[in-house]
Structure formats: C-alpha cells, structure tokens
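In: Quick one, fold the following:
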Amino acid sequence: MRLKPEQLARHLEQGLAPVYLFAGDEPLQLMEAADAVRAAARTRGYTEREVFTADRSFDWSALTAASDSLSLFAERRILELRLPTGKPGTQGAKALEAYCLRLPEDTLLLVHAGKLEKSAANSKWVKSLEQAGVMIQVWPLSLAETAGWIARRLRSRGLVPDEPAVRLLAERVEGNLLAAAQEVEKLALLRGEGSLDADGVLEAVSDAARYTIYDLADAALAGDSARAVHVLNGLRGEGVDAVLILWALSREVRSLTDIAEQMEAGTPAAQAMKSVWAKRAPLVKKALARHRAPAWRALLALCARTDRVIKGQAPGSPWDELLQLTIGLAGRPLFGRPASRPAP
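Out: Take a look at the predicted model:
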C-alpha cells in the first residue's frame, strides 16, 4: 500500500503495518513521517529499537538474525534499516524479500531508502516491502504546494496567515521545507497565536536592534525564548561570527552541566553554585530548574555537534544548529532536541 505523508496520521490511528518503506528526496517530510510511525509504535508497546546501516561492508545476516531472535523476548521491537545509496544490492534485496515472506511477530521494520531511481522503484524488493506494509514516497514541493504546506503549518501553531504572508514565507525558503519549518517555529515564538500578515513576517525576521553575545546567553538562561530568538537573529544580521556565539552558549552549558552533575551527586545547590557570580545566580537557578543533568549533557553534546558544523566537519547549517541550541537552552527545543523538565 502506498500513502502520501498527509494520509499517514489517519492510517496510524487505525493501526500499524508490519513494514514501512520511506522513499523520496524531501528530508523534512521523510523525517516527520518516520517520527510519526515511531511515536505510534511507542504508544503500542514497541519499547526496543535497533538500527542498521547497510553500507558496503554490511552483513545482511545481521538483519535476519535480529528478526529471528525476537521470539526469545517479550518486548516489541522496532528494526530500522538505512540504505544510504537507495539500493540494497543483490544480497540485500534477497534478504528483504525473504523478510517479507516470513514477517516476525511483535516486530516493526522501518526501511529508509532516500531517493529511489526508477529501476529501484520498480524492483522486486520494493514491491515486496510495499505489499507487506506501507510505502511513503515524498517529492519536493512546487512553490504553490510549499505555500499550502506553510499555511497548514502556521495554522497548526495557532497563527492565522493571510495570502501575502504565506507567499512571502514561501519565496524566502525557496522550497526548503526544513527552513520553512524553522521560520514557522520562530514566528510562533515571536508572534504568538493570532492573525499574521506580511508586515508581521517582516517584523519577525528583520530586527535592527543591536545585541551582544551576552544578551543572547542571558535571554536563553532566563527561559525567554522569544527574546533569545530576536537576539540571535540580530547577531546574525550584524555579521557576528557563529564561532563567538557558540563560545558564549557553550560556556554557559558547560558550567551548568557541571553544577547539575554536582547536585545530582548530592552536593547542596549553594555549594555547587559557589563559583557563580551573585548577580547571575537568579538566571542560573532558573536554568537549573528547567533541566536535569541528563538534559544538560545532551545540550553539551549539541554544542559539540554545532562546533563540527561550523567547522565544516559535519553537514548542516551553523545558524540552524545555533537556533536549536539557543531554544533548547531556553527550554523550548525544536523538533525534539534535548531538553527535559524535572518531574513534578
């Protein structure tokens, strides 16, 4: 069975298929479709997850062994198979066809194929996966389709856009849905719920105020997401080096990680915070109240990734990563980035 991304939610309400094949070359739609399936699986008791990447050295017997071993356990499990080239090869094709002929119980298989060439799309292994479960295939959107997608996304965040506002955003992102999603999230933070026109979009994305990297750190520590985004956009518009911004944020994250770990080990808060300036203590206390030690360690790992992106050692946009880090530090992560609140 083939489904469009917008049909997936209704399908998941009715139940889970044993196999899902995700194909196409629009990253955000693929990511969100896979996230939706994983979330639905978790609510149905799929508590374990094992991921395989089928590169040139991959041993396909590992997938077969993993599926065969599940009968020994009571837990339901998700098996995820990533095909970097979109082709499993002769051995892999046979392994996938065999899997579909003998579907293991309490097992969900997610296959990420990326963009499929025409020959692969018509291959026996693809048809086997499609017949055994569901194939989600996505394509880049046209400008008109992007505008419709943005309008729906804005409405889902409580904003009521007019046509010029939607058209302006669609032209700004040039078909990049990940960038469009980022813009929608920023508008939701900065504008809140309600009507949105083109002037509102321009006001949100263009800020002439001058800020410092310390203003950014303070706003994030205070949990003021809207101001933090304003400051970050202002710094970018003024040409401030991304390295300096990361330095300011990572310094705070390292310090707070150390304090949180001391408190986790039983050190009294006052003693753990003895190196914090009295003037900054209220901000630090607010930040510590939002995150526990594991979340601070996750944010520290995000700092390391952002550093690699800035240096060109990892894929991605430095400014997108800095936005994720800023919002995560403020307690409002985008797309499920690390952050956690203490249990009440």
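
In: What sits closest to residue 17 if chain neighbours are left out?
Out: Sequence neighbours aside, residue 133 is the residue nearest to residue 17 in space, at 3.8 Å (criterion: Cβ to Cβ, 6 or more residues apart in numbering). To be clear about C-beta, it is placed using only N, CA and C from the backbone, and glycine gets the same treatment.

In: Now do the same contact list for the one you found.
Out: 1, 17, 18, 19, 20, 21, 109 (Cβ atoms under 8 Å, 6 or more residues apart in numbering).

In: can you give me phi and psi for the fifth one?
Out: Phi and psi for residue 20, reported as degrees, to the nearest 10, are phi -130, psi 130.

In: do the last one as well
Out: The main-chain torsion angles of residue 109 are listed as degrees, to the nearest 10 and equal phi -110, psi 120.

In: Return the distance of it relative to residue 49.
Out: 12 Å (Cβ to Cβ, to the nearest Å).

In: Compare the two (neighbour count), which wins?
Out: Taking other Cβ atoms under 10 Å, residue 109 and residue 49 do not tie; residue 109 has more neighbours (25 against 14).

In: bridging residues for that one?
Out: residue 19, residue 79 (DSSP bridges).

In: any low-confidence regions in the chain?
Out: 70-74, 174, 204-210, 333-344 (pLDDT under 70).

In: As a check, name the ranges of all strands in this protein.
Out: Assignment of strands within the chain using DSSP state E yields the ranges 2-3, 19-24, 46-53, 76-82, 107-114, 134-138, 159-161, 194-196.

In: out of these, nearest to residue 100?
Out: Nearest of the strands of the chain to residue 100, taken as Cβ to Cβ: strand 19-24 at 6.7 Å.

In: Please tell me how far the closest one is from the chain's geometric centre.
Out: 18 Å (Cα atoms, centre = their mean, to the nearest Å).

In: what's the answer for stretch 33-46, then?
Out: Using Cα atoms, centre = their mean, the offset of stretch 33-46 from its chain centre is 15 Å.

In: any residues touching that stretch, and which ones?
Out: With Cβ under 8 Å, 6+ apart as the criterion, stretch 33-46 contacts 5, 8-9, 12, 16, 20, 22, 49, 76-78, 108, 110, 112, 136, 138, 336.

In: Could you give the bridge partners of residue 51?
Out: residue 80.

In: where do the contact lists of residue 109 and residue 49 overlap?
Out: 78, 79, 80.

In: ok, now how distant is the last one from residue 34?
Out: Put plainly, it is residue 80. In terms of Cβ to Cβ, residue 80 sits 8 Å off from residue 34.

In: Next: the second one.
Out: Applying Cβ to Cβ, one obtains 13 Å for the distance of residue 79 from residue 34.

In: Can you check which residues contact both of residue 80 and residue 34?
Out: 110, 112.

In: okay, now the domains of the protein?
Out: 2-138, 143-205, 213-330 (automatic domain parsing).

In: Tell me the helices and strands packed up against the longest helix seen in the chain.
Out: When the chain is parsed with DSSP state H, its longest helix is helix 242-264. Helices and strands touching helix 242-264, by 3 or more Cβ pairs under 8 Å, 6 or more residues apart in numbering; DSSP states H and E, are helix 213-221, helix 269-272, helix 281-290, helix 293-310, helix 318-330.

In: For the residue nearest to residue 183 when sequence neighbours are not counted, grab the count of nearby residues.
Out: By the measure of Cβ to Cβ, 6+ apart, the closest residue to residue 183 outside its immediate chain neighbours is residue 169, 5.7 Å from it. Using other Cβ under 10 Å, residue 169 has 25 neighbouring residues.

In: again with residue 153
Out: 21.

In: separation between it and residue 65?
Out: Counting by Cβ to Cβ, the gap from residue 153 to residue 65 is 41 Å.

In: who are the neighbours in contact with residue 146?
Out: Residue 146 touches 170, 173, 175, 177, 180, counting by Cβ under 8 Å, 6+ apart.

In: for the residues you listed, which one is nearest residue 142?
Out: residue 175 (7.8 Å).

In: Report the spatially closest residue to the closest one, excluding sequence-adjacent ones.
Out: Closest residue to residue 175 apart from its sequence neighbours, by Cβ to Cβ, 6+ apart: residue 146 at 5.4 Å.

In: One more: residue 60?
Out: Closest to residue 60 by Cβ to Cβ, 6+ apart is residue 95, at 4.2 Å.

In: what about that neighbour, how many neighbours?
Out: 21.

In: from memory it sits against residue 65, does it?
Out: No. In this structure, residue 95 is not within contact of residue 65 by Cβ atoms under 8 Å, at 10.8 Å.

In: still on that earlier bit, just want the angle from the longest helix of the chain to helix 293-310.
Out: 160 degrees (axes from the mean of the first three to the mean of the last three Cα atoms, to 10 degrees).
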